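# What would the 3D arrangement of this be:
(one chain, ligands or ions: 2)
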Amino acid sequence: MSRLNLDDFSDLIERPDSGVRRVAEEHRERLAVPPGALGRIDELGEWLSAAQGRVPAAPVEHPRVVLFAGDHGVAGLGVSGRPAGGAHRLVRATLDGVSPIAVLARRMGVPVRIVDAGLDCDPALLPDEVVRHRVRRGSGRIDVEDALTADEAERAVRLGMAIADEEADSGTDVVVLGDVSVGGTTPASTLIAALCGTDASVVTGRGGAGIDDLAWMRKCAAIRDSLRRARPVLGDQLELLAAVGGADLAAMTGFLLQSSVRRMPVILDGVVSAACALVAQRAAFRAPDWWLAGHVSGEPAQAKALDRMALNPLLDHGVTVGEGTGALLALPFVQAAAALSAELPERTEDTKGAEGAEGAEGTEGPERESGAGEAEAESAAAPPGSDTD
Ligand SMILES: O=C(O)c1ccc[n+]([C@@H]2O[C@H](COP(=O)([O-])O)[C@@H](O)[C@H]2O)c1
Ligand SMILES: Cc1cc2nc[nH]c2cc1C
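Ligands and ions are numbered 1, 2, ... in the order given. You can find the predicted model right below:
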């Protein structure tokens, strides 16, 4: 197997089709709903259309939650509100259907896939389809040692790539990406601080379970020390993931890169997915076009990373549990955008009058609305009788 270089993704990842995006915008302008009245649903629909290469957008019928799981050596420093090495309990709760993501995914009919990249538990505790991908048992304590060896980092990234290929091959049309860890927000914040050139205090948040001031100070010190270890390897994203990432973060980065190669849209969750996205963007600057920031979680590092990637988060609902929960709550908006794009009728002379839209700003001239069907419009979406309610 040849040595992996994440920069090679730069040539492999294309932008979503800008021509299709323009057709989607024109399609939106012809709909019988005033401009702006659907708020951010409009831009979501246009983003989805461009990613799919279809106008109107195709319904999102095969979404999947994909969770990467791991434990982190830094958790032993008391930087997490949860017991170090305990991420397998969170995985178990999801498998048993009693975690927030499990409850919501069940209600929404979305399957959940959990990939153990680096949990610190006896593999016999979890089903084979979860543990069989594990790269190593727990990632290293990044303030004093590498999270992963070079070989482990490469294997973890390739694991994520393979999962992305499996999802794309099996017809997953949108991925909700999340993480299950104890201690994972410390490497995530370190990666973001390193790549944004800021210091520890700017990125240190309260993490998943919420931590007190003393734990916050320990976390801040751990990030400061880890940043010293990150700076010498900032130019090589695989080395960076090995130095201060972890098996789950490296796998998630590989997943994000390969998803973009496969033109599979991904909804990002919290600070961990934002950190991986930022590493992936360093390797392939077009990759963020394939991602939707599902929400802001309140972690300062996440906000910083999203800002760097010019990703505007959809929701702000104060969800900090991770595990893809915040991102899954954004999925109905994406599905709504697809449905509205496909099913709303176009304006007719009648509905134009009803909106009083004639004189409104620079809208298209009244000519040609029927028969102007764009090449992509496969079947006439609106039957002619449908606007005479
Ligand atoms: O979504 C976020 O930004 C977020 C913020 C804090 C914590 N979390 C979740 O909590 C997990 C670990 O947090 P911690 O405090 O142990 O580093 C992490 O894997 C996430 O699933 C998630
Ligand atoms: C409008 C929009 C623009 C984006 N750019 C990158 N991801 C995106 C997602 C959306 C929804």
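# which bits of this structure sit near ligand 2?
Within the chain, the positions adjacent to ligand 2 are 43, 44, 47, 288, 289, 291, 292, 311 by Cβ under 6 Å from any ligand atom. Where you see a C-beta, it was placed from the backbone N, CA and C, and this is true even at glycine.
# I'd like the residues you listed as TSV, with pLDDT, secondary structure and neighbour count appended.
Converted to TSV, the residues of the chain next to ligand 2 look like this (pLDDT from 0 to 100; DSSP: H, G, I helix; E, B strand; the rest coil; neighbours: other Cβ atoms under 10 Å):
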residue	pLDDT	secondary structure	neighbour count
43	97	helix	16
44	98	helix	23
47	98	helix	22
288	98	helix	22
289	98	helix	20
291	99	strand	26
292	98	strand	25
311	98	coil	20
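# Can you tell me which of those is nearest residue 180?
For the residues of the chain next to ligand 2, the closest approach to residue 180 (Cβ to Cβ) belongs to residue 291, at 19.6 Å.
# hey, what's the closest one bridged with?
Taking DSSP bridges as the rule, residue 291 bridges to residue 266.
# which residues does it contact?
Each residue near residue 291 by Cβ atoms under 8 Å, 6 or more residues apart in numbering is listed here: 256, 260, 265, 266, 267, 268, 277, 309, 311.
# if we go to 7 Å?
Going by Cβ atoms under 7 Å, 6 or more residues apart in numbering, residue 291 touches 266, 268, 277, 311.
# For the last one, which non-adjacent residue is closest in space?
Read it as residue 311. Spatially, and ignoring its direct neighbours in sequence, residue 311 is nearest to residue 293 (4.1 Å; Cβ to Cβ, 6 or more residues apart in numbering).
# residue contacts, that neighbour?
268, 306, 311, 312, 313, 314.
# Nearest to residue 219 among these?
Closest to residue 219, out of all of the contacts of residue 293 and judged by Cβ to Cβ, is residue 306, at 20.6 Å.
# Phi first, then psi, for the closest one.
Backbone torsions of residue 306, given as degrees, to the nearest 10, read phi -60, psi -40.
# Residue 293 now?
Torsion angles, degrees, to the nearest 10, at residue 293: phi -80, psi 110.
# Roughly how far does it sit from ligand 1?
In this view, residue 293 and ligand 1 are 11 Å apart by Cβ to the nearest ligand atom, to the nearest Å.
# what do you get for residue 46?
Taking Cβ to the nearest ligand atom, one finds residue 46 at 27 Å from ligand 1.
# start the count at 709, not 1, going forward
Noted, 709 is the first residue going forward, which turns the last one into residue 754.
# got the contact list for the most centrally placed residue in the chain?
With distances taken as Cα atoms, centre = their mean, the residue of the chain nearest its centroid is residue 976 (1.9 Å). Contact partners of residue 976, counting by Cβ under 7 Å, 6+ apart, are 885, 982, 985, 999, 1000, 1001, 1002, 1035.
# In CSV: these, plus distance to residue 932.
Shown next, in CSV, are the contacts of residue 976 (distance: Cβ to Cβ, whole Å):
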residue, distance to residue 932
885, 28
982, 20
985, 23
999, 29
1000, 32
1001, 27
1002, 29
1035, 29
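# before we move on, back to that, give me phi/psi at the residue nearest to the centre of the chain?
Per degrees, to the nearest 10, the backbone of residue 976 is at phi -80, psi 150.
# and the residue of the stretch 859-1008 of the chain nearest ligand 1?
At 1.8 Å from ligand 1, residue 978 is the closest residue in the stretch 859-1008 of the chain, using Cβ to the nearest ligand atom.
# Assign a three-state SS to the nearest residue to that residue once chain neighbours are set aside, would you?
Nearest residue to residue 978 in three dimensions, chain neighbours excluded: residue 1005, at 4.0 Å (Cβ to Cβ, 6+ apart). With DSSP: H, G, I helix; E, B strand; the rest coil as the basis, residue 1005 sits in coil.
# Around residue 1005, how many other residues sit close by?
29 (other Cβ atoms under 10 Å).
# With residue 805 instead?
For residue 805, the count of nearby residues is 12 (other Cβ under 10 Å).
# That one: what secondary structure?
Classified using three-state DSSP, residue 805 is coil.
# now do residue 743
Under three-state DSSP, residue 743 comes out as coil.
# Could you measure from the residue in the stretch 809-958 of the chain that ligand 2 sits nearest to over to residue 981?
Going by Cβ to the nearest ligand atom, ligand 2 is nearest to residue 882 of the stretch 809-958 of the chain, at 11.8 Å. Relative to residue 981, residue 882 is positioned 14 Å away (Cβ to Cβ, to the nearest Å).
# More neighbours: which of those two?
residue 981 (33 against 23).
# count of residues packed around the residue nearest to the more buried one when sequence neighbours are not counted?
Nearest in space to residue 981, with sequence neighbours left out and distances taken as Cβ to Cβ, 6+ apart, is residue 885 at 5.2 Å. Neighbourhood size, residue 885 [other Cβ under 10 Å]: 26.
# Nothing else from me, thank you.
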